[in-house]
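Asks: Curious how this folds, go ahead:
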Amino acid sequence: MTDAGWDDLKLFLHVATEGGLSGAAGRTGLSAPTIGRRMLALERTTGRTLFVRSQQGYRLAPDGETLLEHVRAMQRTADSIADWNGQAFAMPIVSIGADAWLSEFIAGHTADIRGRDDRFRLCCKSLHKGMDFTYREADVGLVGRRPEAGNVAIRRSVAVAHAVYKARELDGDESLPWVSLGTDSSHAPADKWVFQHHEAEICTWTSSPGLLPRLIAGGNGRGVLPCFIGDRFSGLVREGEIIAELTYTLWIVANDDDRHRPEVRQVIERLDALFRREGKRFAGERS
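Replies: Okay, here's the model as predicted:
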């Protein structure tokens, strides 16, 4: 049976299911004589009698019953593969990669990036260590350093400012210790700033950027946050002015091949519009 082709086996399934050539002809569009010849050829190929033929139709012989079980299993597998393959083309995916702070912002503004009628799926990736566009970790990246190499398309976006924050009820207390990200979680200049300037005064640290504003708001001390996070976090107040040396330019980056995909281009345009609309918030300008 190793030489039996899948087309003939599918035709066999129709004959077995319909109980004869005419029913199979109606299902396949082939003529009954053609189907009859192909079933004879299948029996020669397998070396087995598959049908008991009579004026009433085609009844399965014992070997035909056995083959039918195998072909049905093959059909289920083929259907499963077709479903799996079809899912891949159901709706394209656009992934957005960014650090933990920007990922949190994106998560709160997905409605500005994808509308209800848009035919693509969205994947939000938190890549605090940065992105390697060589391996396409994301379709669209939000980065704080302009890529100098690689086959990428780059769009300049907004300025992102940072400042020191502390709990509102501790406003006026100048003797507070510091809260920081741990060195193993510090990748951007703002992540490292507290360790570089106040290491001896750090009493609390975390490996999770998402916990940092909560620890500060909990009264554990002062810490550095992006203004677009700190200014909107309940219970926090800004201490002092913006730390000018930590302000960076945000870049929207995509692989130069991917940016021509309609859904990727659409996401880039909407991200650009979103950041520019929120530009004062990112720059730390008080309302």
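
Asks: Chain neighbours aside, what residue packs nearest to Ala107?
Replies: By the measure of Cβ to Cβ, 6 or more residues apart in numbering, the closest residue to Ala107 outside its immediate chain neighbours is Cys124, 5.8 Å from it. Just so you know, the C-beta spots here come from the backbone N, C-alpha and C atoms, and that holds for glycine as well.

Asks: Provide the secondary structure category for that neighbour.
Replies: strand (DSSP: H, G, I helix; E, B strand; the rest coil).

Asks: Contact partners for it?
Replies: Ser95, Ile96, Ser103, Ile106, Ala107, Thr110 (Cβ atoms under 8 Å, 6 or more residues apart in numbering).

Asks: rerun at 6 Å
Replies: Ile96, Ser103, Ile106, Ala107 (Cβ atoms under 6 Å, 6 or more residues apart in numbering).

Asks: Go through these and name the one nearest Leu176.
Replies: Distance ranking of the contacts of Cys124 against Leu176, using Cβ to Cβ, places Ser103 first at 28.3 Å.

Asks: Tell me the secondary structure of that closest one, please.
Replies: Going by three-state DSSP: Ser103 is helix.

Asks: With Ala90 as the reference, measure out to the residue at the greatest distance from the centre of the chain.
Replies: Relative to the C-alpha centroid of the chain, counting by Cα atoms, centre = their mean, Gln55 is the outermost residue, at 59.2 Å. Distance from Gln55 to Ala90, counting by Cβ to Cβ, to the nearest Å: 48 Å.

Asks: ditto for Leu60
Replies: Distance from Leu60 to Ala90, by Cβ to Cβ: 38 Å.

Asks: Comparing the two, which residue is more hemmed in?
Replies: Neighbours were counted for Leu60 and for Ala90 using other Cβ atoms under 10 Å; Leu60 has more, 18 against 8.

Asks: got the contact list for that one?
Replies: Listed by Cβ under 6 Å, 6+ apart, the contact set of Leu60 reads Ala16.

Asks: now it, which residues is it bridged with?
Replies: For Leu60, the beta-bridge partners are Phe51 (DSSP bridges).

Asks: confidence score at it?
Replies: Confidence at Leu60, expressed as pLDDT, is 93.

Asks: May I see the buried residues of whatever helix or strand Val94 lives in?
Replies: Taking DSSP states H and E as the definition, Val94 sits inside strand 93-98. Residues Val94, Ser95, Ile96, Gly97, Ala98 are the ones in strand 93-98 that count as buried (16 or more other Cβ atoms under 10 Å).

Asks: again with stretch 265-280
Replies: Arg265, Gln266, Val267, Ile268, Arg270, Leu271, Leu274, Phe275.

Asks: Could you check how many residues crowd around the residue lying closest to Gly57 once chain neighbours are set aside?
Replies: Closest residue to Gly57 apart from its sequence neighbours, by Cβ to Cβ, 6+ apart: Gly20 at 3.5 Å. For Gly20, the neighbour count with other Cβ under 10 Å is 19.

Asks: isn't Gly20 right next to Tyr58, touching?
Replies: Yes. Distance between Gly20 and Tyr58: 5.0 Å, which falls inside the contact criterion (Cβ atoms under 6 Å).

Asks: returning to that earlier point: so which of the contacts of Cys124 comes closest to Glu65?
Replies: Here the nearest of those to Glu65, counting by Cβ to Cβ, is Ile96; it sits at 54.9 Å.

Asks: now the closest one: how far from Lys192?
Replies: According to Cβ to Cβ, Ile96 stands 25 Å off from Lys192.

Asks: Arg232 too?
Replies: From Arg232 over to Lys192 (counting by Cβ to Cβ), the distance is 24 Å.

Asks: Looking at those two, which is more packed in?
Replies: Lys192 (16 against 12).
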